[in-house]
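Student: Mind looking at a prediction? Sequence and model below.
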Amino acid sequence: MALPRFINTDVLASVLVTLVIYLAYKLFESWFRDYCSPLQHLPGPPSPGYVLGNIQESMMEDNARLHDDWKQEYGPTMRYNGPFNANWLYTSDVKALQHVMSNVDDWPKPEYIRYMLSQLAGPGILVVSGPENRKQRRVMNPAFGTSQLREMTSVFVAKSILLRDNLARVASETDAGSPIDVLPWVSCMTLDIIGLAGFGYDFGASNAEAPQNELTKGLDAVFRSKPSIFSFLKGMFPSLRILPFGNSGALRQVQAGLFAIGGQLIASAKKSVNEGAVDDSNNLISLLIRSNTVKDLPLSQRLSDEDVLAQIPTLLIAGHETSSSAVTWSFYALCAHPESQEKLRNELLTLDTDTPTMDQLNSLPYLEIFVRETLRIFAPVQTVPRVAAKDDILPLDCPVTDKKGITHRSLRIVKGQGIMIPVVGLNTDKSIWGEDAADFKPERWENLPETVRNMPGVWANTMSFLGGPRSCIGFRFSIIEMKAALFSVVRAFELELAVPVDCITKRTEILQHPMLKTDPEKGAQLPLLIRPYVSH
C-alpha cells in the first residue's frame, strides 16, 4: 500500500531509525542496571517470557499456590523477572513492605502503570504521586467519611434489590437446572452504584427494559477489553507515545462522556456556591466539590477543575470492576461452602427489613467475617508493583541468603528498582495465617494468630486495600456495597454452582475473575443455579 503523498519517506525513515536506536539504548540501559544490581545474585524463579517476565506467570497461575511454591523454594524475598526480564524484587517480608508502604514518595507506582491508568483517568488520585497526591487525598477524604457513607447506603441497597429482582426474573424465565451467569448482572449493579453514589449519574445498566446508552456501551467495551500491548510499550518507552497505535476509540469516547458529566456537576456546584444556595447532593464528587470550596482551605491546596474532573473516571476504575470482582467471588464462596451460605442466610433473616441501614449491616457479625474472608482469599488485585524513586536501604525481618552464600539482613536498593507486592500471596501466607491459610474459613476471624497483627494493611490485617498513606481511599465504600449485595441476594435465593467446584478457576488480566477451565475463550463468568429460598 502506497504512503500518502504528504508523508516524507526520508523523514519517516529517520523517525523509525531514531526510535530503534532509542529502544536499543533503553534495553541496554536496563540490562546494564540489572548486571550491576545488588539483587542479581538473589535466588528466584526462572522467567517464562521476555516481555512480561514472571508477571505473565502471576496472571496465568493460581496466585496463592504460586506464592506458596516460590516461597518454599526461594524464601520470602527473591529476585523476580519484571518487564523485559528486569531484575525486580518480590517479597512477603512484612518489615520490608511496611517500609515501602510507609515511604510512599520514595516508592511510587511505576511509570508504565501510571501511563496506562492515565489514558482513562487523567491526572486523578490513582495516577499522581507526591505532594499532588496528598493534596487530592486531603480534599477527597471527607467524601468517604462514615456519615457520608451512611447516607449513600440507600443507593447500595436499592441497586442490590434491583440485582435481586433481575436474578429472580431471569431464573423464572429459565428452565429449571439451566445455568445463569451472574457476573454481568453484578457488573451492572456495581456500575450503577458507582455512577449514582460516585457522581450522581444513573447509567441504568441494571434496567433490563431500557437500551444501553452510548456511554454505558463504551464503558462495557473498555472494561471487557484486554490490556493493549501497545499501551504497555508506550508506558515503558515514552518516546513511543507519539505513535497512533494502541489508542482506543472507545476509551476516548468514554472519557469525553465522563468529562461532560463532570463539567455539568462542577458548573452546577459553582453556581450554588456563587448564589449562596445549599447543595445537598450526597454523591462523592459533589461532596468533593464542597470540600474543595470551604473558606478556610488555602488556594494552594484546592483542586483545579481538571483535577476534580479526573476523579470521575478514577472512581469508575477503582470502584466498578473491583467491586464486581469481589461480589462475584463472594457468590462463588457461598456456593463452594454451602454451610457458610446457610449460616449467613440465617443471620441475615434476623433483620426484619429489606432495606437495612449501614449500621444494621455492620451489626451482623457473621456477615462481617464472611466479607473479610472473601476479600482475604479473593482480593480483586493480586499483585501491586512499586519502583524506587531514589537509592534506599530495605530492612528485612527475615534475612536472605544469596547464591554466593552471603546473608543479607537488609538490601541495598538503587533508583529505578522495581518491587512486586504479592497481595494475595500475603493474604494466604502460611507463616502469617497458619497451615490452613489457603482454606476459606470465616470462623478463623474469631481467633486470629498473633502473626496477623503485624500485617501493614489498612483494613482487617489484610493487604486487599493495601496500607500506609496510599491505601485505598474508598475501602469502606466497597465493604458496605458488598454487604448490601449479599444481604439482598442471600435472603432471597439458594445459590449453587452449575458446574463442579474444581471447574472454576481464576482469570487475571488486571483483576481476578472466575472463569470455566473448560471454556476459557468465553472469559470471565460464574454460572449458577438460582432457586428462590423457601423457609423450612
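Tutor: Received the coordinates, thanks. Numbering: from 1, shown residues only.

Student: going forward, measure contacts and count neighbours with C-alpha atoms only.
Tutor: OK.

Student: Run through the bridge partners of Arg386.
Tutor: With DSSP bridges applied, Arg386 shows beta-bridge pairing to Ile419.

Student: Show the pLDDT at it.
Tutor: Looking at Arg386, its pLDDT reads 97.

Student: List the contacts of it.
Tutor: Trp107, Pro108, Lys109, Pro110, Gly418, Ile419, Met420, Ile421 (Cα atoms under 8 Å, 6 or more residues apart in numbering).

Student: What is the burial count for the third one?
Tutor: What that stands for is Lys109. The number of residues packed near Lys109 is 23, by other Cα atoms under 10 Å.

Student: now swap in the one 3 residues further on and tell me
Tutor: Counted by other Cα under 10 Å, the residues lying close to Tyr112 total 18.

Student: Give me the distance between it and Gln40.
Tutor: Distance, Tyr112 to Gln40, by Cα to Cα, to the nearest Å: 23 Å.

Student: Thr505 in helix, strand or coil?
Tutor: Here Thr505 is recorded as strand under DSSP: H, G, I helix; E, B strand; the rest coil.

Student: Which neighbouring elements make contact with the longest strand anywhere in the chain?
Tutor: If you go by DSSP state E, the chain has its longest strand at strand 392-401. Contact analysis of strand 392-401 by 3 or more Cα pairs under 8 Å, 6 or more residues apart in numbering; DSSP states H and E lists helix 94-102, strand 407-413 as its packing neighbours.

Student: most packed of those?
Tutor: helix 94-102 (a mean of 19; mean count of other Cα atoms under 10 Å).

Student: Tabulate the helices and strands packed on strand 392-401 (CSV), appending mean pLDDT.
Tutor: Below are the helices and strands packed on strand 392-401 laid out as CSV (pLDDT from 0 to 100):
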stretch, mean pLDDT
helix 94-102, 97
strand 407-413, 96
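
Student: picking up where we left off before, pull out the buried positions in the longest strand of the chain.
Tutor: By neighbour count with 16 or more other Cα atoms under 10 Å, strand 392-401 contains the buried residues Leu394, Pro395, Leu396, Cys398, Pro399, Val400, Thr401.

Student: Name the residues that touch that strand?
Tutor: By Cα under 8 Å, 6+ apart, strand 392-401 touches 42, 75-77, 93-96, 99, 407-415.

Student: quick one, it and helix 94-102 angle?
Tutor: 160 degrees (axes from the mean of the first three to the mean of the last three Cα atoms, to 10 degrees).

Student: Listing partners with orientation, what would you give for strand 392-401?
Tutor: strand 407-413 (antiparallel).

Student: Would you mind putting the CA coordinates of the strand it pairs with into CSV?
Tutor: Below are the C-alpha coordinates for strand 407-413, written out as CSV (Å, rounded to 0.1, in the frame of the first residue of the first chain):
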residue,chain,number,x,y,z
THR,A,407,23.4,-13.5,54.2
HIS,A,408,21.7,-10.1,53.9
ARG,A,409,19.8,-8.5,56.8
SER,A,410,18.9,-5.6,54.6
LEU,A,411,19.1,-5.0,50.9
ARG,A,412,20.7,-2.1,49.1
ILE,A,413,18.3,-0.6,46.6
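
Student: ok now it, how far from the chain's centre?
Tutor: 31 Å (Cα atoms, centre = their mean, to the nearest Å).

Student: Now do that strand: everything it contacts.
Tutor: Contacts of strand 407-413 with the rest of the structure, by Cα under 8 Å, 6+ apart, involve 38-39, 388, 391-402.

Student: Name the nearest of those residues relative to Tyr201.
Tutor: Ala388 (38.8 Å; Cα to Cα).

Student: so who does that closest one touch?
Tutor: By Cα under 8 Å, 6+ apart, the neighbours of Ala388 are Asp106, Trp107, Pro108, Ile413, Val414, Lys415, Gly416, Gln417, Gly418.

Student: what's near enough to touch the first one?
Tutor: Taking Cα under 8 Å, 6+ apart as the contact definition, Asp106 lies against Val100, Ala388, Ala389, Lys390.

Student: repeat that for 10 Å
Tutor: Contacts of Asp106 were listed using Cα atoms under 10 Å, 6 or more residues apart in numbering, and they are His99, Val100, Gly130, Arg386, Val387, Ala388, Ala389, Lys390, Asp391, Asp392, Lys415.

Student: give me the number of residues near the third one?
Tutor: Residues near Gly130, counting by other Cα under 10 Å, number 12.

Student: Just the pLDDT at it, thanks.
Tutor: 94.
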